[in-house]
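Peer 1: okay, sequence plus prediction incoming.
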Amino acid sequence: MENSSNFLSGAKDAVPIVLGYLPLGLAFGGLARVEGLSPLTATLMSLFIYSGSGQFILVALLAAGSGLLAIVITVFLVNLRYLLLSASLATYTRNLPRWFLALIAAEITDESYAVGVTRFSRNKPTVPYLLGLFVTAHLSWITGSCLGAILGGILGNVREWGLDFALTAMFICLLVWQVTDRQKFFVALLGFFFYLVLAVCNQSAWNIIVATVLASVGGMVCEKWIKK
Amino acid sequence: MREMDQKVIYLVIIVAVCNYLLRMVPVVVLSKVEIPKPLERFLNLTPCAVIAVMVAVGVFTPEQKVDFSLDNIYLLASVPTLAVALRTRSLGWTLLAGMLVVALLRFCFC
């Protein structure tokens, strides 16, 4: 049994996230620079906001000349799913001190959450492991955006390396790990189905969270029939 | 210019605080109170649901709009990537396969 409670194993688990965040961060920094933000501003955004989708939308809306309130509300809606991720994380973290949870909560993203819970289904989370996983991922995001903003558009197209698919490939593998029984398989199918239906109908910021809730509830409702 | 800078600073502060509260409140509160059974069953299924939805986001809506066509490189690449994930159950091999296939598809067709 490998030791999976120390800082290093957390950092190691973050490697696939880093592979996705570095190029994504470069792209974000490049975009921010093109839209007239300074490298310092772009880096501060990645430090304090730390949300890929949120930051891209923020910069796009800013460039489009949207008002302060409109931007805040839109980004809030896009990031509403953090509520759900955070609540779900709570089912694994009862053994950890509250002050640490309050601190580390700032580091929750789709990717770090997904890697984390996959690990926690086998090993209880520890403080050093969480630090290793979350801080490594965040540092790569900050580094990527800072470099991207400094280099501006000079850097060639990172897409040529297939790096733009890194995060999706990671989610595909995590999904394979998640689907351990028929109920979870059903939930995954529902997630696909609801998201696609919603996405075909509209391009709302609510789609991700609504599809997630519907799929989870669907799985609960069908528990009796599927498990027997 | 000055006005723009100020607006951006306010924005970063407000959005950062909102994001932090969204992430912090549930995990801190729910870690210490008894979670009702139905909510716990719901939260047990959310990881699987979120990850499935994120796969769908990356595969079907790379440019915001739903793209079922064979021009969608991500959709094509997801098939061999899934196969490698099922076969190896290894994150490393899955990443490598996914990126390689996307790079190859682009090289051949774009």
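Peer 2: All right, it came through fine.

Peer 1: not counting residues beside it along the chain, what's closest to B:Val84?
Peer 2: Leaving out its chain neighbours, the residue that sits closest to B:Val84 by CB to CB, 6 or more residues apart in numbering or on different chains is B:Ala97, at 4.0 Å. Heads up, the C-betas are built off the backbone N, CA and C, glycines and all.

Peer 1: for the residue nearest the centre of chain B, which non-adjacent residue is closest in space?
Peer 2: Closest to where the C-alpha atoms of chain B average out (CA atoms, centre = their mean) is B:Met54, at 4.0 Å. Closest residue in space to B:Met54, ignoring its immediate chain neighbours: A:Phe171 at 4.7 Å, by CB to CB, 6+ apart.

Peer 1: contacts for the helix or strand that contains the residue nearest to B:Val84, please.
Peer 2: Taking DSSP states H and E as the criterion, B:Ala97 maps to helix B:91-109. When contacts are defined by CB atoms under 8 Å, 6 or more residues apart in numbering or on different chains, helix B:91-109 is touched by residues A:16, A:19, A:159-166, A:168-170, A:172-174, B:73-74, B:76-78, B:80-81, B:84-85, B:88.

Peer 1: buried subset of the residues you listed?
Peer 2: Neighbour-count burial (16 or more other CB atoms under 10 Å in any protein chain shown) is assigned, among the contacts of helix B:91-109, to A:16, A:19, A:159, A:161-166, A:168-170, A:172-174, B:73-74, B:76-78, B:81, B:84-85.

Peer 1: pLDDT score for the residue nearest to B:Val84?
Peer 2: Note on B:Ala97: pLDDT of 94.

Peer 1: and the chain, what are its domains?
Peer 2: Picking chain A for this. A:7-178, A:180-228 (automatic domain parsing).

Peer 1: my bad, the chain I had in mind was chain B
Peer 2: Split by automatic domain parsing, chain B gives B:1-33, B:37-110.

Peer 1: could you point out which element follows the longest helix along chain B?
Peer 2: As assigned by DSSP state H, the longest helix anywhere in chain B is helix B:2-30. In the C-terminal direction, the helix or strand that comes right after helix B:2-30 (DSSP H and E) is helix B:37-60.

Peer 1: CA atoms only: put that next one into CSV for me.
Peer 2: Taking C-alpha atoms only, helix B:37-60 is exported to CSV below (Å, rounded to 0.1, in the frame of the first residue of the first chain):
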residue,chain,number,x,y,z
LYS,B,37,-29.4,11.2,5.5
PRO,B,38,-31.0,12.2,2.2
LEU,B,39,-28.6,15.1,1.8
GLU,B,40,-25.7,12.7,2.4
ARG,B,41,-27.0,10.2,-0.2
PHE,B,42,-27.3,13.2,-2.6
LEU,B,43,-23.7,14.4,-1.8
ASN,B,44,-22.4,10.9,-2.3
LEU,B,45,-23.5,10.9,-5.9
THR,B,46,-22.4,14.5,-6.7
PRO,B,47,-18.8,13.6,-7.4
CYS,B,48,-19.8,11.2,-10.1
ALA,B,49,-22.4,13.6,-11.5
VAL,B,50,-20.0,16.6,-11.6
ILE,B,51,-17.2,14.7,-13.2
ALA,B,52,-19.6,13.3,-15.9
VAL,B,53,-20.9,16.7,-16.6
MET,B,54,-17.4,18.1,-16.9
VAL,B,55,-16.6,15.4,-19.4
ALA,B,56,-19.7,16.4,-21.4
VAL,B,57,-18.7,20.0,-21.2
GLY,B,58,-15.2,19.3,-22.6
VAL,B,59,-16.3,16.8,-25.2
PHE,B,60,-19.6,18.2,-26.6
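
Peer 1: angle of the helix holding B:Ala97 against helix B:37-60?
Peer 2: 30 degrees (axes from the mean of the first three to the mean of the last three CA atoms, to 10 degrees).

Peer 1: distance from helix B:91-109 to the middle of the chain?
Peer 2: Taking CA atoms, centre = their mean, to the nearest Å, one finds helix B:91-109 lying 18 Å from the centre of the chain it belongs to.

Peer 1: any stretches of the chain with poor pLDDT?
Peer 2: Using chain A here. Applying pLDDT under 70 to chain A flags the ranges A:1-4, A:153-161, A:227-228.

Peer 1: meant chain B, my bad for not saying
Peer 2: Ranges of chain B meeting pLDDT under 70: B:1-4, B:110.

Peer 1: about what we covered before: most tightly packed of the domains of chain A?
Peer 2: Comparing the domains of chain A by mean neighbour count (mean count of other CB atoms under 10 Å in any protein chain shown), domain A:7-178 ranks first with a mean of 20.

Peer 1: how much distance is there from that one to the middle of the chain?
Peer 2: The answer for domain A:7-178 is 5 Å, by CA atoms, centre = their mean.
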